[in-house]
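The following block contains a protein sequence and its predicted model.
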Amino acid sequence: MTRYDAIILGAGGAGMMCAGVAGQRGRRVLLVDHAPEPGKKILISGGGRCNFTNIHAAPDRYLSANSHFAVSALRRYTPQDFLDLVNAHGIAWHEKTLGQLFCDGSARQIVEMLRHACPDNVEWALGQAITDVSHADGMFRVTFGDRTATAPYLVIATGGPSIPKMGATGFAYDLARKFGMKVVEPRPALVPLTLGGDDVLFRTLSGVATEVVASTGKARFREAALFTHKGLSGPAILQVSSYWRHGQPVQIDFLPDCDETWLVEVKRARPRQSLRSALAARLPERLAETLADRLEIGGELGALKDQQLCVAARSLSFWPFSPNGTEGYAKAEVTAGGISTDGLSSQTMESRRLAGLYAIGEAVDVTGWLGGYNFQWAWASGWAAAQAF
Ligand SMILES: Cc1cc2nc3c(=O)[nH]c(=O)nc-3n(C[C@H](O)[C@H](O)[C@H](O)COP(=O)(O)OP(=O)(O)OC[C@H]3O[C@@H](n4cnc5c(N)ncnc54)[C@H](O)[C@@H]3O)c2cc1C
């Protein structure tokens, strides 16, 4: 049985950041993961270029039962801090859009950077199934493969169950419950929505994309939406999916730059034009056709009343879809919910119930928007925990 200062379960972004910083602070750390290589989600992220942070990262861009929980960690480890690390390793990067920073080259550079940040006093145990975790007399004991290790500090960094085929599990929740922590009901987030019923017609538009404002409740996102053979996807939809609950509608503004009189103006300028061709001037052809059919407005605009055209314009700006579900954990970029922040210190990520136990990264009930926010949380929470032991 080997004794360490800390054992970190999960060698994803949060676990590696925590191990590197704790290691640099002189701690003897064991990092255990059942995957044969670390940071698998980093490798596939951002289309292989890893959207490693967002310069606009701020607590209001995260979902959590406690909206203040992320404040401290995000303030103490900022996007600039991570960028300094990226620059120090000579990794070229660019801002794509909306503050999203990506590697110019490959996401593997981020994994290599985090690996190299771990000094020799960080020991790696990869490809190891964890068979038991227990706590007695102030020490945690972890059994994996044919080994057992002990430490006074244990960090849960095994993420959430999104993308199970990559080895993602709900292990963090089982462990948290075992040690008396609460778990906020997990659910797939940043996930495509599925359509049925009256909306099923829109599935025939699979492959069509357009810029929209998608909203549900108070959440509103202006980005691209994409029709799929199952329903709706694209950044605007993924963003609202994190806020969406079963039974709620999702509204789409197909023409966010047009006011309710735009069709009347088109009628005045080109009275012989049809609604379908007026729409096709602003939207992809197939979408224009489907929307015009749905509105049941044929013929020339000149033959229609202004009032009727204003009603149509309003419908196009507030088109209600009633998703019947999501594509689930198989397609969800992240898991919302998770280990309840009620039981954790926002300064250190330590359990309030069991001294020495920490939870970081996606395992915790803090979920970022699309666009580098989730990695920034992984870095910041991992860094915060590593300061504490
Ligand atoms: C396709 C995709 C693209 C994404 N792109 C981005 C992006 O560009 N920007 C962004 O900010 N976020 C992105 N995300 C989200 C981001 O990847 C996660 O939020 C982030 O990786 C969470 O880090 P983590 O360390 O907490 O968990 P993870 O990265 O999930 O790491 C958890 C680790 O624990 C290990 N593990 C799990 N269960 C067990 C177990 N039972 N025993 C032992 N080990 C276990 C796993 O093998 C894994 O190595 C993306 C996610 C996906 C799926």
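Yes, it's here.

Get me the contact residues on the stretch 51-200 of the chain for the ligand.
51, 130, 157, 158, 159, 162, 163, 167, 168, 169, 171 (C-beta under 6 Å from any ligand atom). (Each C-beta comes from the backbone N, C-alpha and C, glycine too.)

Any chance of the backbone angles for the third one?
To tie it back to what came earlier, the one meant is residue 157. phi -140, psi 40 (degrees, to the nearest 10).

Test my guess that it contacts residue 361.
Yes: if you go by C-beta atoms under 8 Å, residue 157 and residue 361 touch, sitting 5.2 Å apart.

so how far is the ligand from the closest residue to residue 353 other than its chain neighbours?
Once flanking residues are discounted, residue 353 sits nearest to residue 180: 4.9 Å by C-beta to C-beta, 6 or more residues apart in numbering. Separation of residue 180 from the ligand (C-beta to the nearest ligand atom, to the nearest Å): 19 Å.

can you tell me which residues contact residue 180?
By C-beta atoms under 8 Å, 6 or more residues apart in numbering, residue 180 lies in contact with 343, 353, 354.

related to what we said a few turns ago, anything in contact with each of residue 157 and residue 361?
With contacts defined as C-beta under 8 Å, 6+ apart, the residues shared by residue 157 and residue 361 are 10, 12, 14, 15, 382.

So which of those reach the ligand?
When C-beta under 6 Å from any ligand atom is applied, the members of these adjacent to the ligand are 10, 12, 14, 15.

burial count for the residue of the stretch 1-150 of the chain found nearest the ligand?
Nearest residue of the stretch 1-150 of the chain to the ligand: residue 12, at 2.0 Å (C-beta to the nearest ligand atom). Number of residues near residue 12 (other C-beta atoms under 10 Å) recorded here: 28.

what do you get for residue 148?
14.

coming back round to it: by neighbours, which of the shared contacts of residue 157 and residue 361 wins?
Busiest of the shared contacts of residue 157 and residue 361 [other C-beta under 10 Å] is residue 14, holding 32 neighbours.

who's in contact with that one?
Residues near residue 14 by C-beta under 8 Å, 6+ apart: 157, 159, 360, 361, 362, 363, 377, 378, 379, 381, 382.

Make sure it is indeed in a helix.
Yes: assessed by DSSP: H, G, I helix; E, B strand; the rest coil, residue 14 belongs to a helix.

Leaving out chain neighbours, which residue sits closest to it?
Nearest residue to residue 14, sequence neighbours excluded (C-beta to C-beta, 6+ apart): residue 361, at 2.8 Å.

Lowest pLDDT pick from the residues of the stretch 51-200 of the chain next to the ligand?
pLDDT across these is at its lowest for residue 167, which sits at 93.

Where does residue 320 sit, in terms of helix or strand?
Assessed by DSSP states H and E, residue 320 sits inside strand 319-321.

End to end on stretch 275-292, go ahead and measure it.
This stretch, stretch 275-292, spans 6 Å end to end (C-alpha to C-alpha, to the nearest Å).

For the residue nearest to residue 128 when sequence neighbours are not counted, give me phi and psi.
Distance criterion C-beta to C-beta, 6+ apart; nearest residue to residue 128, sequence neighbours excluded, is residue 144 at 4.0 Å. Note on residue 144: backbone dihedrals following degrees, to the nearest 10 are phi -150, psi 140.

Residue 144 pairs with what?
Assessed by DSSP bridges, residue 144 has beta-bridge partners residue 130, residue 147.

How much space separates it from residue 8?
Remark: distance between residue 144 and residue 8 (C-beta to C-beta, to the nearest Å) = 12 Å.

what touches both of these two?
By C-beta under 8 Å, 6+ apart, the residues touching both residue 144 and residue 8 are residue 32.

Between the two, which is the more surrounded one?
Neighbour count, other C-beta under 10 Å: between residue 144 and residue 8, residue 8 has more, with 32 against 21.

Setting the sequence-adjacent residues aside, check what's closest to the more buried one.
Closest to residue 8 by C-beta to C-beta, 6+ apart is residue 155, at 4.3 Å.

quick one: what helix or strand has the one you found in it?
Here residue 155, judged by DSSP H and E, is contained in strand 153-156.

could you say what helices and strands that strand packs with?
On a contact count with 3 or more C-beta pairs under 8 Å, 6 or more residues apart in numbering; DSSP states H and E, strand 153-156 meets strand 6-9, strand 139-144, helix 171-178, strand 357-359.

contacting residues around the one helix or strand residue 336 maps to?
Element membership for residue 336, per DSSP H and E: strand 334-339. Applying C-beta under 8 Å, 6+ apart, the external contacts of strand 334-339 come out as 63, 156, 159-162, 172-173, 176, 181-190, 242, 329, 359, 362-368, 374.
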